[in-house]
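In: any chance you could fold what I've pasted below:
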Amino acid sequence: MPLIRELGTAVRQRRIDIGLSQQALAELAELSRVTVNELERGKLVDLSANRVERLANELGFAVGLVGVRRKGDSDPFEVAARVASVPYSPELPAHVLLEAVRDGSVPPDYIPHVRHLLQEAPVAILAGLAEHLDEALDVPRTATWKRMSTLAGVLQCDRPLWRATRT
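Out: Next comes the predicted model:
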């Protein structure tokens, strides 16, 4: 499968998982809706590196010469918990984060941590949480993204990604 078609398939799946419309994704990535539509349908013949990078950044994809994550790498919830804990003490335990993302309920002591994660973490880290819950606990990725979006709304995150999923 040509790279651009593979990208289109991945973009469509991640966009649906997150709950973004083509228009919302286009606005986030500063593209036209037609470009997003044609990319997803496999009709786009070429896309500049700058546009691919903007799209990848909004959806949490790595673009470039990078290695593939191996199964033995760190647990996504441990990585995300470390990111969420950077400005706070005590640290957010990975199991508390897992329960918060899975169940949509955050213990009061960890609200700042989860808000920081949802507001600041790279989308790739958030996507890792959704993928982990899907693979390990059979929680659909779309349900996890919806729950994270709901949490972001409750915690008053103003990240453009979350605003776009609520429209």
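In: stretch 123-137: which residues count as buried?
Out: Neighbour-count burial for stretch 123-137, counted by 16 or more other C-beta atoms under 10 Å, picks out 123-130, 132-134. Yep, even glycine has a C-beta here, placed from its N, CA and C like the rest.
In: what are the structural domain limits within the chain?
Out: Per the record, the chain has its domains at 3-59, 76-165, by automatic domain parsing.
In: endpoint to endpoint, the shortest one covers what distance?
Out: Using C-alpha to C-alpha, to the nearest Å, one end of domain 3-59 lies 17 Å from the other.
In: go on, stretch 147-163?
Out: End-to-end distance of stretch 147-163 (C-alpha to C-alpha): 14 Å.
In: so how far is that stretch from its chain's centroid?
Out: With C-alpha atoms, centre = their mean, to the nearest Å as the basis, stretch 147-163 stands 12 Å off its chain's centre.
In: and that stretch, what's buried?
Out: 147-149, 151-152, 155, 157, 161-162.
In: what residue ranges in this protein score low on pLDDT?
Out: Applying pLDDT under 70 to the chain flags the ranges 1, 64-73, 167.
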